[in-house]
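Asks: Sequence and predicted structure are below.
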Amino acid sequence: MKDTKHKILTLAALTTIAAGVIHLTNRVIVASSQLKEMLDFSNHNYYNWRFGKIYYTKKGKGSPLLLIHDTMPGASGYEWSRVEDQLAQEHTVYTLDLLGCGRSEKAGITYTNFLFVQIICDFIKNVIKEKTDIIASGFSCSFVTTAAAYDKESINKIMFINPVSMISLAQTTTKKDKLFKFFIELPIFGTFIYHIIVSRDN
């Protein structure tokens, strides 16, 4: 009996120590990832959205054009840095860093496609304040499509660069997907798994 109790206490102590070490590692990773400030913060504005501050830039004059980056790890509005000046010659160009990306706030919430749909629609209504064209790339094309159907009054034309197949996006989640979601949302350990998946090497 004493032996079993001793093993349980040892296991509990080791688990607590491991959780503490992983928590500290997570904090160091988050702090060190922001030290270099690799993204330019000049010409910036923030849209105070209900779930956090959203970074954006505004350039040029003319009809409004909203640029929305892909949602892969490390993605930000910097994706458009080589074309936005050229587009700004004929348009008022708005370039977003979506919530949780780049220079925008990293809110501790579950990020869904419909969350991004709401960001796009609210940004157009509250910041641009007129019907706008959108250029999106990669995974962002899926929620721009939904936003265009959801709010036809705010969105004019949409253009996609390297969109993900809509057939693959229409697939239902599998047990494997649900299990991965469960693990990635675990406090401390889930964050550590996420940091491993999106490390610079990976």
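Replies: That came through fine.
Asks: so what's residue 138 up against?
Replies: If you count contacts by CB atoms under 8 Å, 6 or more residues apart in numbering, residue 138 has them with 69-72, 75, 161-164. The way it works is simple: take the backbone N, C-alpha and C, and place the C-beta from them, glycine included.
Asks: Could you do residue 80 as well?
Replies: 67, 69, 95.
Asks: beta partners of residue 91?
Replies: residue 63 (DSSP bridges).
Asks: From residue 45, how far out is it?
Replies: 17 Å (CB to CB, to the nearest Å).
Asks: neighbour count winner among the two?
Replies: Using other CB atoms under 10 Å as the criterion, residue 91 and residue 45 rank with residue 91 on top: 20 against 12.
Asks: quick one, phi psi at residue 174?
Replies: phi -100, psi 170 (degrees, to the nearest 10).
Asks: so where's the protein shaky on pLDDT?
Replies: Applying pLDDT under 70 to the chain picks out residues 1-2, 26, 29-43, 195, 198-199, 202.
Asks: where exactly do the strands run in the protein?
Replies: 45-49, 52-59, 63-68, 91-96, 132-137, 155-161 (DSSP state E).
Asks: Show residues contacting the third one.
Replies: Just to be clear, that refers to strand 63-68. 77, 80, 84, 87, 90-96, 98, 120, 123-124, 128, 130-137, 140, 144.
Asks: and it with strand 132-137, angle?
Replies: 30 degrees (axes from the mean of the first three to the mean of the last three CA atoms, to 10 degrees).
Asks: same question, the second one
Replies: For the pair strand 52-59 and strand 132-137, the angle between their directions (the same axes, to 10 degrees) equals 100 degrees.
Asks: I'd like to know how many residues surround the spatially closest residue to residue 85 that is not a sequence neighbour.
Replies: Spatial nearest neighbour of residue 85, excluding adjacent residues (CB to CB, 6 or more residues apart in numbering): residue 59 at 6.8 Å. Using other CB under 10 Å, residue 59 has 16 neighbouring residues.
Asks: Over to residue 23?
Replies: 15.
Asks: From what I see, it and residue 188 are in contact.
Replies: Yes - using CB atoms under 8 Å, residue 23 is in contact with residue 188, at 5.1 Å.
Asks: Could you pull up the residues touching residue 155?
Replies: With CB under 8 Å, 6+ apart, residue 155 has these contacts: 124, 131-134, 147-148.
Asks: Kindly recompute the last result at 6 Å.
Replies: residue 148 (CB atoms under 6 Å, 6 or more residues apart in numbering).
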